[in-house]
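Return atomic coordinates for the entry below.
(one chain, ligands or ions: 1)
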Amino acid sequence: MRIDIVSIFPEYLAALDLSLVGKARVAGLLDLRVHDLRDWTTDRHRTVDDTPFGGGAGMVMRPDVWGQAIDELTATGPAHLVVPTPSGATFTQRTAEALATEDQLVFACGRYEGIDARVAEHYRAAGHRVSELSIGDYVLNGGEVASLVMVEAVARLLPGVIGNPESLVEESHGAAGLLEYPVYTKPPVWSDLEVPDVLLSGHHAKIRRWRRDRALEKTSARRPDLIAALDASTLDKHDRAF
Ligand SMILES: COC(=O)c1ccnc(N)c1
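Alright, predicted model coming up:
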């Protein structure tokens, strides 16, 4: 997969040189390129914004500069344009799984009051998939942090990025549709708190059952909406799994 991220603060994306995503890039599992939007400006001041039509506070990012950048970056084939915005559809694990199947993602990081609406409109009309996505109900100063979140959530799903793909199965919001059970490691007693006995029993069936029960318990308490979303067959599978 190729991922392009365009920003006027490309240094914001330096975190993607680190850890698992950084290693995946070095290993060639992910072709991730960060670009400075100002490289596509043509004026002396490298201007990327202007005042909003209709008035109002702040500045809007110009469509022509974004158009030059996105045209160049999508010239080699079908790309999915992702525009992080608080007004977007909610980015979820399902979104990450869908984006992870794409050949190329282009993240357009808006600043100021956002990107001229015609940019998304133009690329939809040109046949590109365009997703305006929100990582939650709050506002940031730009799309960079949201892009970091989404790129990490997508990249870790790519083959070879996570050492043990098994660990993806029982994660929160994974295939089971539940929040993850509590985890423990050594020492067996810490701060007068003991690890649940069942986890020390070596009885794998009981451990699986205990973990499933804790996941159902936690999900019911914290995210009843996820329980409600579980279809009957999944719930039944949870019960029949033991
Ligand atoms: C400027 O972008 C944002 O403020 C943003 C992007 C994605 N999700 C959000 N919740 C906010």
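
ok, residue 117 - contacts?
Contacts of residue 117 were listed using Cβ atoms under 8 Å, 6 or more residues apart in numbering, and none were found. Quick note: C-beta positions are derived from backbone N, CA and C, even for glycine.

separation between it and residue 8?
19 Å (Cβ to Cβ, to the nearest Å).

do residue 54 as well
In terms of Cβ to Cβ, residue 54 sits 23 Å off from residue 8.

and the longest strand anywhere in the chain, which strands flank it?
Longest strand of the chain, by residue count under DSSP state E: strand 80-90. Its sheet considered, strand 80-90 pairs with strand 104-108 (parallel), strand 129-134 (parallel) by DSSP bridges.

so which of those gets nearest residue 70?
strand 104-108 (6.2 Å; Cβ to Cβ).

ok, back up a step: mind checking which of residue 54 and residue 8 has more residues around it?
Taking neighbours as other Cβ atoms under 10 Å, residue 54 and residue 8 compare with residue 8 leading, 20 against 6.

Mind pulling up the pLDDT for the more buried one?
Listed pLDDT for residue 8 reads 98.

so what's it closest to, chain neighbours aside?
residue 37 (5.1 Å; Cβ to Cβ, 6 or more residues apart in numbering).

Report how many residues lie close to the residue nearest to residue 157 when sequence neighbours are not counted.
Ranked by Cβ to Cβ, 6+ apart and with sequence neighbours excluded, the top spatial neighbour of residue 157 is residue 100, at 4.1 Å. Neighbours of residue 100 under the rule other Cβ under 10 Å: 17.

residue contacts, residue 100?
Per Cβ under 8 Å, 6+ apart, neighbours of residue 100: 1, 154, 157, 158.

Check residue 153 too.
Residues in contact with residue 153, defined by Cβ under 8 Å, 6+ apart, are 91, 93, 96.

Is it within a helix or a strand, and which one?
helix 144-155 (DSSP states H and E).

ok, and does the longest strand of the chain reach over to the ligand?
Yes: applying Cβ under 6 Å from any ligand atom, one finds that strand 80-90 is in contact with the ligand at 84, 85, 86.

One more: stretch 95-112?
Yes: residues of stretch 95-112 contacting the ligand under Cβ under 6 Å from any ligand atom: residue 110.

Next, the distance between the ends of that stretch.
End-to-end span of stretch 95-112 (Cα to Cα, to the nearest Å): 26 Å.
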